Structure formats: C-alpha cells, structure tokens
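can't give you the sequence, but here's the structure:
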C-alpha cells in the first residue's frame, strides 16, 4: 500500500500456505471427495481446518488431503 492507496501488488487478500489455484469445496463437495456421508462429514469436520464465508463452511482440498494422510493406517 502506497500512501494509503491499494496497488495491484497488494489488492485482495492472500491466505498463507495456499496458492491461487487452491480448490475450495463446500461441505457436500468435501463429503463426496472423501467418499463419506454428510453425517460423517459433520462429525469429522472439527478435525479439518475450515474457511468460513458468512454462514458457509468451505474446505481447501489440500486440507482434506492432509486429513486423509493423518488418518491413514500405517502398514508395517
């Protein structure tokens, strides 16, 4: 920002750790992506970071992938 004015280089907000092409999914899309019911999605959502847009809850695809990695069973 220069002299209180927004420039093209700082216009819009960026979320640290995510790129501009990051896919954002709704609750139902996230449940479908994970292959689970909406009821199960409601139960596990407390373990996944969310993006709140008003009353909407959205998920970054990468956070869903990280969740899958965290609950994946390790085979020895």
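Now that the structure is in, tell me what you want to look at. Since this is a predicted model, take the numbers as computed values, not measurements. Numbers count the residues shown, from 1 in each chain.

For the rest of this, base every contact and every neighbour count on C-alpha atoms.
Will do.

what comes up buried for stretch 33-42?
Buried positions in stretch 33-42, judged by neighbour count with 16 or more other C-alpha atoms under 10 Å: residue 41.

And for stretch 54-74?
Neighbour-count burial for stretch 54-74, counted by 16+ other C-alpha under 10 Å, picks out 58-61, 63-64, 67.

Now intersect the residues you listed with the strands, please.
Residues of the buried residues of stretch 54-74 located in strands (DSSP state E): 58-60.

now the buried residues of stretch 54-74 as JSON lines including distance to residue 37 and pLDDT?
Shown next, in JSON lines, are the buried residues of stretch 54-74 (distance: C-alpha to C-alpha, whole Å; pLDDT from 0 to 100):
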{"residue": "58", "distance to residue 37": "16", "pLDDT": "95"}
{"residue": "59", "distance to residue 37": "16", "pLDDT": "96"}
{"residue": "60", "distance to residue 37": "18", "pLDDT": "95"}
{"residue": "61", "distance to residue 37": "17", "pLDDT": "95"}
{"residue": "63", "distance to residue 37": "18", "pLDDT": "95"}
{"residue": "64", "distance to residue 37": "15", "pLDDT": "96"}
{"residue": "67", "distance to residue 37": "16", "pLDDT": "94"}
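
can you give me the strands in this structure?
Applying DSSP E to the chain gives strands spanning 24-26, 51-53, 56-60.

Looking at those, which is nearest to residue 73?
Among those, the nearest to residue 73 by C-alpha to C-alpha is strand 56-60 (22.5 Å).

who's in contact with the closest one?
22-27, 30, 48-52 (C-alpha atoms under 8 Å, 6 or more residues apart in numbering).

Of the residues you listed, which is the most crowded?
residue 30 (21 neighbours; other C-alpha atoms under 10 Å).

Check the gap between residue 53 and residue 38 for me.
19 Å (C-alpha to C-alpha, to the nearest Å).

returning to what we had before: weakest of the strands of the chain in terms of mean pLDDT?
Per-stretch mean pLDDT for the strands of the chain is lowest at strand 51-53 (a mean of 91).

What strands flank that strand, and is each parallel or antiparallel?
strand 56-60 (antiparallel) (DSSP bridges).
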